[in-house]
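K.L.:
sequence first, predicted coordinates after that:
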Amino acid sequence: MKRMLLSVVLLCLSLIVVGCGMNMTAKDAAIEYMEMYRNKDKLIMDELDDYVNNEDLTDKQKEMYHSILEREYSTLMYEVTDERYEGDVAFITMEVTVIDLYKAQKDSASYFNEHQSEFNDEDGEYDKNLFMDYKLDMMNKQMETVTYTIDIKVEKEDDRWKVV
């Protein structure tokens, strides 16, 4: 009897959990996706590891770059501004605010163009690692943010909304 009661309770709980997932809207799926970045979800961190490891950087530079991107993920802010549905496809428009790493990279390139000799080795030859260290340092110090408008495509598959 106890086993049967336990089985019924577990069945009800699993139906509630599955039911909640089924009621997720496209907007909810997009928000969940953004939260995966903010919360440094394992899937996102694995993708970040792959991305950084494929860059032509020293191990120390990869570690710093990884740290910079992690900081950007954890500080990102977003706001849903629009939802458009076309049957089983939705476009969720968001205003996403992130650290302006692009500005830091652009400013680093400008500095390089004006001070190229600072990035030469002792033989007077350009040393890309000297510049990369400088650029990563500038990115790490960057505090300014920028806001982008993005559309997240979400599709309904098996009665469940998923970010494409």
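P.N.:
Perfect, thanks for sending it. Computed from a predicted model, the values in this text were never measured in an experiment.
K.L.:
and the top strand by length along the chain, how far out from the chain's middle?
P.N.:
In the chain, assigned by DSSP state E, the strand with the most residues is strand 145-157. Centroid displacement of strand 145-157 relative to its chain, using CA atoms, centre = their mean, to the nearest Å, is 12 Å.
K.L.:
the helix or strand just after it pairs with which strands?
P.N.:
Using DSSP states H and E, the helix or strand that directly follows strand 145-157 along the chain is strand 160-163. The pairing partners recorded for strand 160-163 under DSSP bridges are strand 145-157 (antiparallel).
K.L.:
which residues in this structure form strands?
P.N.:
According to DSSP E, the chain carries its strands in the segments 77-86, 89-99, 145-157, 160-163.
K.L.:
and Leu57, backbone torsions?
P.N.:
Per-residue torsions, Leu57: phi -130, psi 160 (degrees, to the nearest 10).
K.L.:
do you know how far the residue sitting nearest the centre point of the chain is from Val164?
P.N.:
Note on the chain: the residue nearest the mean C-alpha position is Tyr37, at 4.6 Å, using CA atoms, centre = their mean. According to CB to CB, to the nearest Å, Tyr37 and Val164 sit 16 Å apart. Glycine gets a C-beta too; all of them are placed from N, C-alpha and C.
K.L.:
also Leu130?
P.N.:
Relative to Val164, and taking CB to CB, Leu130 is found at 41 Å.
K.L.:
of those two, who's got more company?
P.N.:
Neighbour count, other CB atoms under 10 Å: between Leu130 and Val164, Leu130 has more, with 14 against 9.
K.L.:
who's in contact with that one?
P.N.:
118-121 (CB atoms under 8 Å, 6 or more residues apart in numbering).
K.L.:
likewise for Tyr102?
P.N.:
Val146.
K.L.:
check Met24 too.
P.N.:
Met24 touches 32, 160-161, counting by CB under 8 Å, 6+ apart.
K.L.:
about what we covered before: relative to Thr58, how far out is the nearest residue to the residue nearest to the centre of the chain once chain neighbours are set aside?
P.N.:
Nearest residue to Tyr37, sequence neighbours excluded (CB to CB, 6 or more residues apart in numbering): Tyr73, at 4.5 Å. In this view, Tyr73 and Thr58 are 22 Å apart by CB to CB.
K.L.:
next one: Thr97
P.N.:
Using CB to CB, Thr97 is found at 31 Å from Thr58.
K.L.:
so what touches the longest strand of the chain?
P.N.:
26, 29-30, 33, 81, 88-100, 102-103, 161-164.
K.L.:
what's the answer for stretch 32-46, then?
P.N.:
24, 70, 73-74, 76, 78, 94, 96, 152, 163.
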